[in-house]
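# Sequence and computational prediction follow.
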Amino acid sequence: MALRVHDTRRREKVDFTTLEPGKVSMYVCGVTVYDRCHLGHARCYLSFDLIHRWLEAKGYDVMYVQNFTDIDDKIIQRANEGDGDWKTLVDRNIESYYEDMDALNILRADAYPRCTDYVDDMVRITQDLIEKNHAYVTDDGVYFHVESAPEKFGQLTGQSIDAVQSGAGGRVSDTGSTKRDHKDFALWKAAKPDEPTWDSPWGPGRPGWHIECTAMSMDHFDREFDIHGGGHDLRFPHHEAEIFQGECHTGHSPVVHHWLHNGFVNIDGEKMSKSLGNFWSIRDILEKVDAMVLRFALINAHYRSPIDMNEALLNDAERNYNRLLGCYVDALKARTTTSPVALPHADITSSVPLGKSLGLLEKMGEGFARAMDDDFNSREAVAKVLVTVREISKTLNADGVDEADRDAFAHYAVDLLEETAGRVLGVLPSRELALAEPEEDPRKVEIADHVEALLVERTQARSTKDWVRADAIRDELNALGVVVTDTPQGPEWDLA
RNA sequence: GCACGGAUGUCAGAGCGGUUAUGAGCGGGAUUGCAGAUCCUGAGACCGGAGUUCGAAUCUCCGUCCGUGCUCCA
């Protein structure tokens, strides 16, 4: 099946092609590590994690590079505000980044370059751009001259160069800037007091923001590469600046073959921002909900659509996730043999309903792949998984099924779920974890004896159909904060 | 103002020219003493207007409304 992706530059879904057969080079703009990660970061790197996983599932050898911006105005500001020196601040936030992403089951990229390790490269590229008359030196730095390559303007946002010129009007307040034109952007910033600096042919200073991604992607991928990703907001000016730099430096176009941008996260219908006070850090959310539930909630929308995060969405995700998990555990337990290999479809012929069910599951698997091939439509893929879950639950609970067939079916079901929900969507725990008894809550241990005694009494009452007494005991347990669930294997209980 | 993207049932959210999206919620039913879980099943939708077409939620045009970008931002 052919993978199609929405390319921001071409503004439509296009056939996915690679420079080298079977290999994908992917660069995604990473975080500026001045603070901990928030929900928006989670959504971004989760989007590209899904893309990463699907490309690998399709057999591509993916080289995934994601940078850290470890020097910029906000980092300097935070450090100067007494948050320790900037290097310590940066290291701490990078550590925190890994913790958050690991919790969300986001696979690591192949390389995480830091921009301060690439200052030499940035200087070299800047020098080259000056020599090619695309950049100029002033008192406060080096600037890229946008009018030197006007045809490259607006490639990602469709803005015309004239419109931006007139539209910016009074908003341009470059106090003291020596730019020739307000559209120009900094390649190198001359040193200011109390700032970390690096040496350059233009004196001490530090690199501009846009040039770092050009330097780091060039270093890892040479001249051109397959996918460049990032948040929707980076299209302009950051990514368009990269087009200017990369293409003018290499003299080659396009440098990036597919531009992919993920949509934003809103909170209760409003844009998430610090000024509105609705800023959710990943850590804050994970104190309230399971990381897998958050992951489920975020992949339950197409990566390009905006997503409105709220309580209801998380509750919805939790229910669906628990259904998936419950089904997975049931399927795991339904395997009576330890054969690691699922029996092929053809071997299950003794039971017509099972054969039919398997046929449906095969179709679901194909539908899943079709959804992911259609611009990584994880929402549609999740829908397929949920239908699969229903089908598996139904068949597993069906009567009159031959034991050996049920076993084979369970193996098939487990494999299918692990391949789709597990390997690709990343929302299944390991088999061991799924089957493990939940850790004993000390609060439960404390009341366990009392609860068990009451349950024994209730079971006796139920056996003599003394429902009044049985329900009274259940009410008593409810009052203790205990929820009782009757199952064919006897009553189970948990804290509410 | 310019640019880009949207408007689908109660809600969330797919579909991108003909086929049940899916989930929650709501209505019926099976199972269970009841509850829960699970399964079956029902109702309910394509912003407004015009056009193209045998056929449009899907394409074109007009209108209305919303979001985002144009400044550091995933």
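Good, I have the coordinates.

# Helices of the stretch 251-400 of chain A, start to end?
Listed in chain order, the helices of the stretch 251-400 of chain A (DSSP state H, counting those that start in this stretch) span A:282-288, A:291-299, A:311-334, A:352-373, A:378-397.

# centre of the chain versus the fourth one, how much separation?
Using Cα atoms, centre = their mean, to the nearest Å, the mean C-alpha position of helix A:352-373 is found 26 Å from that of the whole chain.

# what does stretch A:228-248 give?
Counting by Cα atoms, centre = their mean, stretch A:228-248 comes out at 20 Å from the chain centroid.

# Buried residues, it. List them.
Counting neighbours by 16 or more other Cβ atoms under 10 Å, one finds that the buried residues in stretch A:228-248 are A:228-231, A:234-248. Where you see a C-beta, it was placed from the backbone N, CA and C, and this is true even at glycine.

# With stretch A:184-200 instead?
Within stretch A:184-200, the residues that count as buried by 16+ other Cβ under 10 Å are A:184-191, A:195, A:198, A:200.

# Where does pLDDT dip in chain A?
Low-confidence regions of chain A, defined by pLDDT under 70, span residues A:1, A:83, A:163-177, A:274-277, A:339-353, A:437-440.

# residues in contact with residue A:283?
Each residue near residue A:283 by Cβ atoms under 8 Å, 6 or more residues apart in numbering is listed here: A:36, A:96, A:100.

# residue contacts, the residue of chain A found nearest RNA strand B?
For chain A, the residue closest to RNA strand B is residue A:231, as judged by Cβ to the nearest atom of the strand, at 1.9 Å. Residues in contact with residue A:231, defined by Cβ under 8 Å, 6+ apart, are A:29, A:40, A:44, A:261-262, A:264.

# got the phi/psi numbers for it?
For residue A:231, the backbone dihedrals (degrees, to the nearest 10) come out as phi -70, psi 150.

# Residue A:301 now?
Backbone geometry at residue A:301, expressed as degrees, to the nearest 10, gives phi -150, psi 150.

# Just give me the neighbour total for the nearest residue to residue A:462 once chain neighbours are set aside.
Of all residues not flanking residue A:462 in the chain, residue A:470 sits nearest, at 4.8 Å (Cβ to Cβ, 6 or more residues apart in numbering). Around residue A:470 there are 20 other residues, counting by other Cβ atoms under 10 Å.

# Please spell out which residues along the helix or strand hosting residue A:470 are buried.
Here residue A:470 sits within helix A:467-479, counting by DSSP states H and E. Along helix A:467-479, the positions that meet the burial threshold by neighbour count (16+ other Cβ under 10 Å) are A:470, A:473-474, A:477.

# The next helix-or-strand element following that helix pairs with which strands, parallel or anti?
Of the helices and strands lying after helix A:467-479 in sequence (DSSP H and E), the nearest is strand A:482-487. Its sheet considered, strand A:482-487 pairs with strand A:490-495 (antiparallel) by DSSP bridges.

# and the angle from the partner strand to helix A:467-479?
For strand A:490-495 against helix A:467-479, the angle by axes from the mean of the first three to the mean of the last three Cα atoms, to 10 degrees is 30 degrees.

# Keep only the buried residues of helix A:467-479 that also lie close to RNA strand B.
Checked against RNA strand B using Cβ under 7 Å from any atom of the strand, those give the following subset in range: A:470, A:474.

# quick one: terminal-to-terminal distance for stretch A:11-29?
The stretch stretch A:11-29 measures 20 Å between its terminal residues, going by Cα to Cα, to the nearest Å.

# hmm, that stretch touching RNA strand B?
Yes: with Cβ under 7 Å from any atom of the strand as the threshold, stretch A:11-29 lies in contact with RNA strand B, specifically through A:11, A:29.

# In that stretch, which residues are buried?
So stretch A:11-29, judged by 16+ other Cβ under 10 Å, has buried residues A:16, A:18, A:24-29.

# How about stretch A:445-457?
Of the residues in stretch A:445-457, those with enough neighbours to count as buried (16+ other Cβ under 10 Å) are A:447, A:451, A:454-455.

# and these, which of them are in helices?
When these are checked against helices using DSSP state H, the ones located there are A:447, A:451, A:454-455.

# of all those residues, which comes closest to residue A:363?
Closest approach to residue A:363 among those (Cβ to Cβ): residue A:455, at 43.6 Å.

# Next, the contact list for that closest one, please.
Taking Cβ under 8 Å, 6+ apart as the contact definition, residue A:455 lies against A:473, A:477, A:484, A:491, A:493.

# Repeat that for residue A:387.
With contact taken as Cβ under 8 Å, 6+ apart, residue A:387 is in contact with residue A:364.

# The stretch 201-350 of chain A: strands as residue ranges?
Taking DSSP state E, counting those that start in this stretch to define them, one finds strands in the stretch 201-350 of chain A at A:205-207, A:225-231, A:256-262, A:265-267, A:270-271, A:307-309.

# Might you enumerate the residues of the stretch 1-150 of chain A proximal to RNA strand B?
Residues of the stretch 1-150 of chain A lying near RNA strand B by Cβ under 7 Å from any atom of the strand: A:11, A:29-32, A:38, A:40-41, A:43-44, A:69, A:72-74.

# Please repeat the previous calculation with a cut-off of 6 Å.
Applying the criterion Cβ under 6 Å from any atom of the strand, the portion of the stretch 1-150 of chain A that neighbours RNA strand B consists of A:11, A:29, A:31-32, A:40-41, A:43-44.

# Likewise for the stretch 201-350 of chain A?
When proximity is defined by Cβ under 6 Å from any atom of the strand, the stretch 201-350 of chain A lies next to RNA strand B at A:209, A:230-234, A:236, A:238, A:264-265, A:271-272, A:301-302, A:305-308, A:312-313, A:316, A:319-320, A:323, A:326.

# do the stretch 351-496 of chain A as well
Contacts of the stretch 351-496 of chain A with RNA strand B, taken as Cβ under 6 Å from any atom of the strand, map to A:374, A:377, A:379-380, A:383, A:386-387, A:390, A:393-394, A:397, A:462, A:467, A:470-471, A:485-487.

# are any of the residues you listed buried, and which?
Judged by neighbour count, with 16+ other Cβ under 10 Å as the criterion, the buried members of these are A:374, A:377, A:380, A:383, A:386-387, A:393, A:462, A:470.

# that older thread, among the helices of the stretch 251-400 of chain A, which is the most enclosed?
Of all those, helix A:291-299 carries the top mean neighbour count, a mean of 23, counting by mean count of other Cβ atoms under 10 Å.

# Could you export that helix as PDB, keeping only the C-alpha atoms?
Below are the C-alpha coordinates for helix A:291-299, written out as PDB (Å, rounded to 0.1, in the frame of the first residue of the first chain):
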ATOM      1  CA  ALA A 291       0.300   8.300  30.900                       C
ATOM      2  CA  MET A 292      -1.200   5.800  28.600                       C
ATOM      3  CA  VAL A 293      -4.600   7.400  28.900                       C
ATOM      4  CA  LEU A 294      -3.100  10.800  28.000                       C
ATOM      5  CA  ARG A 295      -1.400   9.200  25.000                       C
ATOM      6  CA  PHE A 296      -4.600   7.500  24.000                       C
ATOM      7  CA  ALA A 297      -6.400  10.900  24.200                       C
ATOM      8  CA  LEU A 298      -3.800  12.600  22.100                       C
ATOM      9  CA  ILE A 299      -3.600  10.000  19.300                       C
END
